[in-house]
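Trainee: Sequence first, predicted model second:
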Amino acid sequence: MNLLDQLRSMTVVVADTGDIESIAQYQPRDSTTNPSLLLKAAQMPQYQRLLEQAVGHAQSVTDDRDAQVRACSDMLAVAFGKEILKIIPGRVSTEVDARLSFDTEATIGKAHHLIDLYKAEGIDRQRVLIKIASTWEGICAAKRLEQEGIHCNLTLLFGFPQAVACAHAKVTLISPFVGRIHDWYLKDRGVKAIPATEDPGVLSVQRIYNYFKKFGYQTEVMGASFRNIGEITELAGCDLLTISPELLAELQKTEGKLVRKLSAEAAKAEDIPEVEMNEKTFRWMLNEDPMATEKLADGIRRFAADIVKLEPYIAKHLNQPVSV
């Protein structure tokens, strides 16, 4: 069997794309999107009807120019999510505006709004994961949302304290960013390559996975942001892995024996100390990790910039300029 088929036998494969045709081709269980992927997909001719649907919705709910842009952006994400859910059996992750990453109440409000939009489209909340940045404020928002039965995917996760705080908050799923950790260490070490077996992003996910399984945390671990298939195969056995269409294609065409690298049984035998977590500990541990601190801030800026790129495109279709 090819590597993709073998991976599916031990890990849930998630498609990291807004391209519905790619999702249909690789048949993942779950899918995740973000504003950058939505902007790319919205410019494809085959998805113009979804953009038109979102524009019509925005124009029907408000006459305010900026509110229309926000309403259209939210509806566009939900429209793509609905289409994706037609072809996958599992869940779709829909992202909260990254500009709300340090505002617990606003994050909760946006999550409620997205769930309401899905409900109006006939989609049960059990099939939706609200995607939130792994700041302390985002984790606090996710904790409250989970208590309401709204499930969350905590993204932009680079450090161990973020993962532990998410587990304590009983969030449904976390997305540690393997590739962006890899990129930081390439630059920091001044090297052009790091073997997958020594990749700091891979080692980070392995540590988190083993910790969760050792102490029985129910939060699922979904490795994300991969740079090569070596990183993926080193995480075979992880709860979930979200993979771009390009790397899915490479896995599908590559033959060879895939060895399971992670298992709950092996993790339970590990000698791992349990960590107490509160806000002060979280902020100090994150501060002591320059990579995680820098990449979290950079990730929020990048996600916010993607929204800023998406909004003028939406405004053009609303025949109104975005205010600055």
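Mentor: Received it, and whenever you're ready, just let me know what you need.
Trainee: For residue 236, give its distance to residue 29.
Mentor: Computed with C-beta to C-beta, to the nearest Å, the distance linking residue 236 and residue 29 is 16 Å. All C-beta spots, glycine's among them, are computed from the backbone N, C-alpha and C.
Trainee: and if you look at residue 54?
Mentor: Counting by C-beta to C-beta, the gap from residue 54 to residue 29 is 26 Å.
Trainee: out of the two, which sits in the more crowded spot?
Mentor: Taking neighbours as other C-beta atoms under 10 Å, residue 54 and residue 29 compare with residue 54 leading, 25 against 14.
Trainee: Report pLDDT for the more buried one.
Mentor: Note for residue 54: predicted pLDDT of 93.
Trainee: So it is in contact with residue 81, correct?
Mentor: No: counting by C-beta atoms under 8 Å, residue 54 stays clear of residue 81, with 11.6 Å between them.
Trainee: what residues are shared contacts of the two?
Mentor: Shared contacts of residue 54 and residue 81 (C-beta atoms under 8 Å, 6 or more residues apart in numbering): none.
Trainee: Strands along the stretch 201-324 of the chain, start to end?
Mentor: Listed in chain order, the strands of the stretch 201-324 of the chain (DSSP state E, counting those that start in this stretch) span 220-223, 240-243.
Trainee: Which one, of those strands, ends up nearest to residue 183?
Mentor: Of all these, the one in closest proximity to residue 183, counting by C-beta to C-beta, is strand 220-223 (15.0 Å).
Trainee: Okay, now the sheet partners of the closest one, with direction.
Mentor: Strand 220-223 pairs in its sheet with strand 173-176 (parallel), strand 240-243 (parallel), by DSSP bridges.
Trainee: Report the mean per-residue pLDDT for the last one.
Mentor: Mean pLDDT, taken over the full extent of strand 240-243, equals 96.
Trainee: shift numbering so it begins at 58
Mentor: Yes, from this point I'll number from 58; that puts the last item at strand 297-300.
Trainee: What are the contacting residues of that strand?
Mentor: Against strand 297-300 from outside (C-beta under 8 Å, 6+ apart): 64, 68-73, 85, 87, 89, 230, 232, 277-281, 283, 289, 292, 308.
Trainee: how about a cut-off of 10 Å?
Mentor: Strand 297-300 has contacts (C-beta atoms under 10 Å, 6 or more residues apart in numbering) with 61, 64, 68-74, 83, 85-89, 147, 150, 210, 212, 230-232, 235, 262, 277-283, 286, 288-290, 292, 304, 306-308.
Trainee: Give me the buried subset of those residues.
Mentor: Buried by 16 or more other C-beta atoms under 10 Å: 61, 64, 68-74, 83, 85, 87-89, 150, 210, 212, 230-232, 235, 262, 277-283, 286, 288-290, 292, 304, 307-308, out of the contacts of strand 297-300.
Trainee: Look up how far residue 353 lies from residue 207.
Mentor: Relative to residue 353, and taking C-beta to C-beta, residue 207 is found at 23 Å.
Trainee: Of the two, which one has the most company?
Mentor: Regarding residue 207 and residue 353, a neighbour count based on other C-beta under 10 Å identifies residue 353 as having more, with 23 against 20.
Trainee: what about the residue lying closest to residue 348 once chain neighbours are set aside, how many neighbours?
Mentor: Among residues not flanking residue 348 along the chain, residue 241 sits closest, at 4.8 Å (C-beta to C-beta, 6 or more residues apart in numbering). Residue 241 has 20 neighbouring residues, counting by other C-beta under 10 Å.
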